[in-house]
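Visitor: here you go, sequence then predicted model.
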Amino acid sequence: MKKSDNSCAIKQIPFGRPILGEEEKLAVLEVLDGHVLTHGPKCKKFEEIFADYIGVKHAITTSSCTTALHLSLLGLGVGAGDEVIVPAETHVATAHSVEHVGARPIFVDVQRETGNINPNLIERAITERTKAITVVHYLGLPCDMKAILPIAERYGVAVVEDCALALGAQYGRDAVGSMGVTGCFSFYPSKHITTMEGGMLTTDDDAIASRVRKQRAFGYDQGYGQRNVPGIYDIVMLGYNFRMSEVQAALGVVQMSRLSDFLKVRHQNTKILLERFQEIDLVTTFPIVQDSARSSCYCVNVMLPDTDGYIREEVVARLNEVGIGTSVHYPVALPLSTYYQQRYDCRPTDFPIARWISEKTISLPIGPHLTGDHMLYIADKLTSILKM
Ligand SMILES: *Cc1c(COP(=O)(O)O)cnc(C)c1O
């Protein structure tokens, strides 16, 4: 392997940096020069491209992944008195969307090997109030759907996929976002592609798609483009304004054309880093391939050696000092966060793995803004920090 010989030249390695070029700028200007600024042809185009990529009938633009999750639960009819199973270690949006519809998140611990929800713990969390299981493809590695989908079917509960970090991940022949009743994606700046803020809901279910489209836009009976007489509509349900603008969708269309290149670099960078870590044998990482699951490689999550000598915050500070940006996924196991702990009186001992991941791991950058030399630099610096 090539030796890192330009380590002095590397000054700053941000954890995430969106790649936006001339094409994006032109696409945005085109929208600004036109007269349709929201729910117009760019959103439609983005939805078509996305549905095609995931392999589903419907893709519906939203204002964020959070609102896509919210609309999914509304579309499934989840409400007050219902329960939704949620992994204990995830972005807070996964649980908040359940709270927003008046239901209760039931937290389930995750697997030590992957950070994904532990299928063996799902069944005992199901009650007659359970309406859905939200799975999160943790840092891009698809969950064990072969185990989860049959459980959901047996109990008649829906599966919602939180794919915020998993655009481009595959489970056998299936793309993530095509296996559950709905899939929810995020286009926040640090994710695989960006529309600044933005999200997408995917589904094969016509009835859910129709309801989601209405509730995304105030509960109108007909969408903007479907009205016979402009300005004339009826309101058939309680709805929200969770739409995406044309500028955002224009960015999304261009970003989708770059996705396969982005994914290629993410895989290459991840491989270089993982190989190097294997050689030096100091830290452990989550796999990027497991059975038929192939990760979208959001970042490389390293677990510090299981001895007391390493304090994560110190290692992070040292990495940051030498210009390596880091993140933590996610900094608090949700049942132990102040809001959820106080609301449901969750016991810390019930979520040992989620807690361990939240306290012990560091997320390292591998995004398309970085090269193989950056990876070697990161590996070298982390090694010397840990050997200090
Ligand atoms: C980022 C993220 C979200 C929230 O996405 P937004 O588009 O910012 O609402 C939800 N779930 C997971 C797993 C995430 O990482």
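Guide: Cool, got the structure. Since the structure is predicted, the reported quantities are computational estimates derived from the model, not experimental observations.
Visitor: packing partners for the biggest helix by length in the chain?
Guide: Identified as the longest helix of the chain according to DSSP state H is helix 246-280. When contacts are defined as 3 or more CB pairs under 8 Å, 6 or more residues apart in numbering; DSSP states H and E, helix 246-280 packs onto helix 22-33, helix 41-54, strand 58-62, strand 300-303, helix 372-387. In short, each C-beta sits where N, CA and C put it, glycine included.
Visitor: nearest to the ligand among the ones you listed would be which one?
Guide: strand 58-62 (8.5 Å; CB to the nearest ligand atom).
Visitor: who's in contact with that closest one?
Guide: Outside strand 58-62, the residues that touch it by CB atoms under 8 Å, 6 or more residues apart in numbering are 43, 46-48, 50-51, 68, 71, 198-206, 209, 212-213, 216, 242-244, 248-249, 252.
Visitor: let me see the domain layout of this protein.
Guide: Domain segmentation of the chain under automatic domain parsing yields 22-255, 259-387.
Visitor: so for the ligand, which of those domains sits nearest?
Guide: Using CB to the nearest ligand atom, the nearest of those to the ligand is domain 22-255, at 3.2 Å.
Visitor: any stretches of the stretch 1-150 of the chain with poor pLDDT?
Guide: Along the stretch 1-150 of the chain, the parts satisfying pLDDT under 70 run over 1-9.
Visitor: which residues of it lie near the ligand?
Guide: Proximity of the stretch 1-150 of the chain to the ligand is confined to 64, 65, 66, 90, 91, 93, 94, 136 under the rule CB under 6 Å from any ligand atom.
Visitor: give the closest residue to the fourth one in space, chain neighbours not counted.
Guide: Meaning residue 90. residue 136 (4.4 Å; CB to CB, 6 or more residues apart in numbering).
Visitor: residues contacting the one you found?
Guide: By CB under 8 Å, 6+ apart, the neighbours of residue 136 are 87, 90, 91, 94, 116, 117, 143, 162, 164.
Visitor: show me what it bridges to in the sheet.
Guide: Going by DSSP bridges, residue 136 is paired in beta bridges with residue 162.
Visitor: now the strands for the chain?
Guide: Secondary structure of the chain, counting by DSSP state E: strands at 58-62, 83-87, 104-108, 130-136, 158-162, 170-171, 174-175, 182-186, 199-203, 284-285, 289-290, 293-294, 300-303, 361-364.
Visitor: quick check: which of the domains of the chain is nearest to residue 12?
Guide: Closest of the domains of the chain to residue 12 is domain 259-387, at 4.8 Å (criterion: CB to CB).
Visitor: ok, the closest one near the ligand or not?
Guide: No. Using CB under 6 Å from any ligand atom, domain 259-387 stays clear of the ligand, with a minimum separation of 7.5 Å.
Visitor: just the terminal-to-terminal distance for stretch 217-233.
Guide: 12 Å (CA to CA, to the nearest Å).
Visitor: bridged to the closest residue to residue 72 other than its chain neighbours, which residues?
Guide: Distance criterion CB to CB, 6+ apart; nearest residue to residue 72, sequence neighbours excluded, is residue 182 at 4.1 Å. On the basis of DSSP bridges, residue 182 is bridged to residue 160, residue 203.
Visitor: I appreciate the help and will end here.
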